[in-house]
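Peer 1: give me a model of this one.
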Amino acid sequence: MPAVKEYTERIRDDVVIPMKEYKKECGRECGYSFFDILACRRALMRFVKRLSCLKEKSDEAILGEVEKVVVSLNRLNKKTNYSIIETDAREEIWSIIQDLAVESGLSETDGDVTEEWREW
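Peer 2: Next up, the predicted model:
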């Protein structure tokens, strides 16, 4: 079972806080709002919750949840004119999704688990 607290902290420390700091520095010119940051956090937290509650730990079930979160983040990124998921955030978000999928029991661990759906 995934360590929910660990992933909650990673989302906060490695994704949300840096986004908020950048938003404060750049103001309106950064291209996204604090509500967009919350939407990103919500999508990632929903992914953590869904994987931690997954009854069937098959690759199909895990990849189904990966697809949902990636598509959700694609929509959010498009809404912000591709500004909310920059290089640092992209790497952190990918790492969280990848690590959680593997920790949840994904057997296909080579490569990027998000690649098939990711637009960011």
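Peer 1: three-state assignment of Glu56?
Peer 2: coil (DSSP: H, G, I helix; E, B strand; the rest coil).
Peer 1: roughly how far apart are it and Glu67?
Peer 2: Distance from Glu56 to Glu67, counting by CB to CB, to the nearest Å: 16 Å. For every residue, glycine as well, the C-beta is placed using N, CA and C.
Peer 1: can you check Cys26 too?
Peer 2: Taken as CB to CB, the span from Cys26 to Glu67 is 31 Å.
Peer 1: if you count surrounding residues, which of those two has more?
Peer 2: Taking other CB atoms under 10 Å, Cys26 and Glu67 do not tie; Glu67 has more neighbours (15 against 12).
Peer 1: tell me which element Gly105 is part of?
Peer 2: Counting by DSSP states H and E, there is no helix or strand that carries Gly105.
Peer 1: residue ranges in the protein under the pLDDT threshold?
Peer 2: Applying pLDDT under 70 to the chain flags residues 1-2.
Peer 1: so the spatially closest residue to Leu44 that is not a sequence neighbour, which state does it fall into?
Peer 2: In space, and not counting its chain neighbours, Leu44 is closest to Ile11: 4.9 Å by CB to CB, 6 or more residues apart in numbering. Classification of Ile11 using three-state DSSP returns helix.
Peer 1: what segments of this protein are strands?
Peer 2: Here the chain has no strands by DSSP state E.
Peer 1: now do the helices in it.
Peer 2: 4-10, 17-26, 34-53, 59-79, 87-103 (DSSP state H).
Peer 1: buried residues in the second one?
Peer 2: Counting neighbours by 16 or more other CB atoms under 10 Å, one finds that the buried residues in helix 17-26 are 19, 22-23.
Peer 1: cool, thanks, signing off.
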